[in-house]
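Chemist: need a structure here:
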Amino acid sequence: MPSWPTRRRPSGVGAARRAGAATALAAALLGVAACTGTASPPAAVAGTAPATTGAASTPTPTATGSPPPAQVPDVLRFTGTTLGGAAFDAAQLAGKPVVLWFWAPWCATCASQAWTVAEIAPRYRDTVPIIGVAGLGERKAMNEFVTEFDLAGTPQIEDSRGALWKRFTVTEQSIFVIIDRNGAVVHKGFLDGEALTARVAALAGA
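Modeler: Below you'll find the model as predicted:
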């Protein structure tokens, strides 16, 4: 453990002189503040609420200075489990545009779109997350699909029972559901690789 240097305590006349100078300086500063009217207001008494005005309140930053968490829209109030076995809570996506990709492991169209998803998802992970929702198949086949198309870096929710497919009224594959940062569904349907890339890039720049 490092030893810190010990500050020598002032003694005798030198300490008295410094104390007197500090007192005089403080008195001078108080006098200037009283003349100019720039003195700081008194601190609020502990236990009392600060006065408010009729203006609309703004979100209060957290203790670390970062903005408060975004309000979670109803469309993102769902949870699940990824194919890797991790818990997934869509509430963490609040405040961002989100793309949900509903796919099945035996679907040839899904396979053709998988290459585009694998390419752009890491690029937009922090701005427009793309979340896979795997259904209409066995877990083993879903995991093989993820491995074959290098999708392990993109969250893939296991939905073999179709709970999320029903929630979003998805009746076929491959379907993309795009949710804007305010929680509104702005697209639900098929997108080829080029159209998907363009939509995600536009959302990232919005």
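Chemist: show me where this structure has its helices.
Modeler: In the chain, the helices defined using DSSP state H lie at 12-36, 108-120, 139-148, 163-167, 193-205.
Chemist: worst mean pLDDT among the ones you listed?
Modeler: For those, mean pLDDT drops lowest on helix 12-36, to a mean of 39.
Chemist: Thr82 - how many residues pack around it?
Modeler: Neighbour count of Thr82, defined by other CB atoms under 10 Å: 17. Placement of C-beta: from N, CA and C, glycine included.
Chemist: so it sits right up against Glu158, yeah?
Modeler: Yes: Thr82 is within contact range of Glu158, at 6.7 Å (criterion: CB atoms under 8 Å).
Chemist: so Leu100 touches Val185, yeah?
Modeler: No: in this structure, Leu100 is not within contact of Val185 by CB under 8 Å, at 9.5 Å.
Chemist: who has more neighbours out of the two?
Modeler: Leu100 (24 against 14).
Chemist: so what's the residue lying closest to the more buried one once chain neighbours are set aside up against?
Modeler: Using CB to CB, 6 or more residues apart in numbering and skipping residues adjacent in sequence, the residue nearest Leu100 is Val177, 4.3 Å away. Val177 is in contact with Val99, Leu100, Phe102, Phe168, Val170, Val185, His187, Lys188, counting by CB atoms under 8 Å, 6 or more residues apart in numbering.
Chemist: in CSV: those residues, plus pLDDT and distance to Thr147.
Modeler: Shown next, in CSV, are the contacts of Val177 (pLDDT from 0 to 100; distance: CB to CB, whole Å):
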residue, pLDDT, distance to Thr147
Val99, 98, 21
Leu100, 98, 21
Phe102, 98, 19
Phe168, 97, 26
Val170, 97, 24
Val185, 97, 30
His187, 97, 28
Lys188, 97, 28
